[in-house]
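>>> Give me a 3D structure for the following:
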Amino acid sequence: MVSSFYRLVRKIREINHRYSEPHIEMSRGVRISLLALRIYLVVLVGLIVYKFVMIVN
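Residues are numbered from 1 along each chain as shown. Reported below is the predicted structural model:
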């Protein structure tokens, strides 16, 4: 069980390393849109965690 977890973590790190640098040119608008989507995702996850904590309490 533990070895399969380490194997999964190693595979994820390998994929992250492989795609750490973009292979295509991105315009400024695309970069801003992706940043906005990341912020939106973090806010949504934060709201889900907040709701979970409020329900548990």
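
>>> which SSE is the spatially most central residue of the chain in?
The residue lying closest to the centre of the chain (C-alpha atoms, centre = their mean) is residue 38, at 7.9 Å. Residue 38 belongs to helix 28-56 when assigned by DSSP states H and E.

>>> Could you point out which residue ranges in the protein have low pLDDT?
Across the chain, nothing is flagged by pLDDT under 70.

>>> now do 80
Along the chain, the model assigns pLDDT under 80 to residues 1, 22-23.

>>> ok, how many other residues are close to residue 14?
10 (other C-beta atoms under 10 Å). (Glycine included, C-beta is placed from N, CA and C.)

>>> what's the answer for residue 16, then?
There are 9 residues near residue 16, going by other C-beta under 10 Å.

>>> ok, now residue 9?
Residue 9, neighbours per other C-beta under 10 Å, totals 10.

>>> How about residue 7?
Residue 7 is flanked by 10 other residues according to other C-beta under 10 Å.

>>> Helix or strand: which one has it?
Judged by DSSP H and E, residue 7 forms part of helix 2-18.

>>> how distant is that helix from the center of its chain?
Computed by C-alpha atoms, centre = their mean, to the nearest Å, the separation of helix 2-18 from the middle of its chain amounts to 15 Å.
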